[in-house]
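Peer 1: Prediction below, plus the sequence it came from.
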Amino acid sequence: MKLTIGEIVKAQGIKGEVKVRPDTDDPSQFGRLRAVLVGGCPLKLRSASVRGGFVYLSFEGITDRNAAELLVGKVIEIDRSQARQLDDGEYFIVDLVGCKLFLDSGEEIGKIASIDNYGSADVFTVRGEKTVRFPFLKKLALSYDGKARSVTVSAAAFSEVCCYED
């Protein structure tokens, strides 16, 4: 299984380096990778650095700005086996999307359609009878059951942070 870890947002400089918006809470992991998939094509990493919340990468065979420009907009993926081991209470977004969302009161809200990161918090979009969005905060006390493909959150905290679409 592939995990998306970033998206190339622009070419940087004239030597083929690219600027990447990381889709991970640990951008330093780019530094330990040897190869990634860029737009589905395997590329070997030459260097990686983290500056100002972005990751700057250079690849073998991408040696000038023109070649780097062709990569803009492409996602960067890795095999799940290359990802760091998760601590208790940490989950990959790909594992949560598609799960049913329940409140600890037993009410089913719907299915998690997407999880987007806007900097300060991950924002869940859940589609059920209505579409609802909410930032994931620690007070929601996430419980994940991978076998049942379900996520349970605190009903009290959910009612404080959720926003239903009209």
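Peer 2: Happy to help now that I have it.
Peer 1: Going by C-alpha atoms from here, please, whenever you check contacts or count neighbours.
Peer 2: Will do.
Peer 1: Nearest residue to the middle of the chain?
Peer 2: Asp23 (4.0 Å; CA atoms, centre = their mean).
Peer 1: Going along the chain, name the helices of the protein.
Peer 2: Applying DSSP state H to the chain gives helices spanning 65-69, 93-96, 155-161.
Peer 1: In terms of pLDDT, where does the residue nearest to the centre of the chain sit?
Peer 2: pLDDT for Asp23: 84.
Peer 1: next one: phi and psi at it?
Peer 2: phi -110, psi 50 (degrees, to the nearest 10).
Peer 1: isn't Val97 right up against Ile112?
Peer 2: Yes: at 5.1 Å, Val97 counts as touching Ile112 under the criterion of CA atoms under 8 Å.
Peer 1: got a markdown table for the helices of the chain, with distance to Val75 and mean pLDDT too?
Peer 2: Below are the helices of the chain laid out as a markdown table (distance: least, CA to CA, whole Å; pLDDT from 0 to 100):
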| stretch | distance to Val75 | mean pLDDT |
| --- | --- | --- |
| helix 65-69 | 13 | 97 |
| helix 93-96 | 15 | 87 |
| helix 155-161 | 30 | 93 |
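Peer 1: if we can go back for a sec, any shared contact partners between Val97 and Ile112?
Peer 2: Counting by CA atoms under 8 Å, 6 or more residues apart in numbering, Val97 and Ile112 have no contacts in common.
Peer 1: per-residue confidence for Asp166?
Peer 2: 66.
Peer 1: Could you do Tyr144 as well?
Peer 2: 89.
Peer 1: gap between the closest residue to it other than its chain neighbours and Phe134?
Peer 2: The shortest distance from Tyr144 to any non-neighbouring residue, by CA to CA, 6 or more residues apart in numbering, is to Val151 (4.6 Å). Distance, Val151 to Phe134, by CA to CA, to the nearest Å: 14 Å.
Peer 1: and if you look at Leu70?
Peer 2: Counting by CA to CA, the gap from Leu70 to Phe134 is 35 Å.
Peer 1: which of these two has more neighbours?
Peer 2: Neighbours around Leu70 and Phe134, counted as other CA atoms under 10 Å, are more numerous at Phe134. The numbers are 19 against 12.
Peer 1: residue contacts, the more buried one?
Peer 2: Val123, Phe124, Thr125, Phe158, Val161, Cys162, Cys163.
Peer 1: Appreciated, that's everything.
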